[in-house]
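Asker: Here is a sequence together with a model predicted from it:
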Amino acid sequence: MQISVAEAINLKSLLTKKHDELLCEQRNIESYYTETEDKPEENPLKMESIIDELENEMITLDQILAASNVVTIVTSSEALTVQSAIQTARLQRARLERLKRYASQRKKVQRSQYDMSMGRSIQVNQVLVYDPEELKPVVQALERFVTRLSLAIDACNVNTIVEVSFADKYL
């Protein structure tokens, strides 16, 4: 079945959830309490083949997604593979959060601090070594860049079609 990479990503999430549910179910039926010698028909070892098949499908889907990540995304400044674009977006988002934190600081903060040698509180100033206002345009530009890159990745994921033979079992 042919599906978009975006659908394949959702399928990966669905398979992971189903895998977790099967493992939980397997743990839940591994033992039982009884006053008689009657055994339940469920056996956790019988589930192994189902889990094994699902795990093989998860591996196959990961390989399909990895192969699809070599598609090139062209941004205003460069051409990147989807994999590189995803890594770049992840790193730039982390950088953006750091810069936002720096940009939101107050330039000067007065604090009370106890001076043990003097036996009293004194007023100290905490002064930043940079101007937070100078960071705001940098933050805005980086925010626009990350947004454009994320949109390009999303568009590529929607427009790239992959063959997933077992997708019709789940979608």
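Answerer: Received, thanks. Numbers count the residues shown, from 1 in each chain.

Asker: all contacts plus neighbour counts: C-alpha atoms, from now on.
Answerer: Will do.

Asker: Isn't Ser150 up against Ala89?
Answerer: Yes - applying Cα atoms under 8 Å, one finds Ser150 in contact with Ala89, separated by 6.8 Å.

Asker: mind checking the longest helix of this structure?
Answerer: Longest among the helix segments of the chain by residue count, using DSSP state H, is helix 132-159.

Asker: Tell me which residues of it come out buried.
Answerer: Buried residues in helix 132-159, counted by 16 or more other Cα atoms under 10 Å: 132, 136, 139, 142-143, 145-146, 149-150, 152-153, 156-157.

Asker: cool, stretch 157-171 as well?
Answerer: Across stretch 157-171, burial judged by 16+ other Cα under 10 Å covers 157, 161-162, 164, 167.

Asker: Using the three-state scheme, assign the residue in the chain sticking out farthest from the centre.
Answerer: No residue in the chain sits farther from the centre than Met118, which is 51.5 Å out by Cα atoms, centre = their mean. Here Met118 is recorded as coil under DSSP: H, G, I helix; E, B strand; the rest coil.

Asker: Mind pulling up the pLDDT for it?
Answerer: For Met118, the pLDDT comes out at 76.

Asker: now do the same end-to-end measure for stretch 126-137.
Answerer: Length of stretch 126-137, first residue to last, Cα to Cα, to the nearest Å: 24 Å.

Asker: backbone phi and psi for the spatially most central residue of the chain, please?
Answerer: Closest residue to the average C-alpha location of the chain: Arg90 at 8.8 Å, with Cα atoms, centre = their mean. Main-chain torsions, Arg90, degrees, to the nearest 10: phi -60, psi -50.

Asker: State the distance from it to Ser4.
Answerer: 22 Å.

Asker: Going by distance to Ile73, which of the buried residues of stretch 157-171 wins?
Answerer: Nearest to Ile73 out of those is Asn157 (Cα to Cα; 10.4 Å).

Asker: who's in contact with the closest one?
Answerer: Residues near Asn157 by Cα atoms under 8 Å, 6 or more residues apart in numbering: 4-6.

Asker: if I look at it, how far off is Leu151?
Answerer: 10 Å.

Asker: This completes my enquiry, with thanks.
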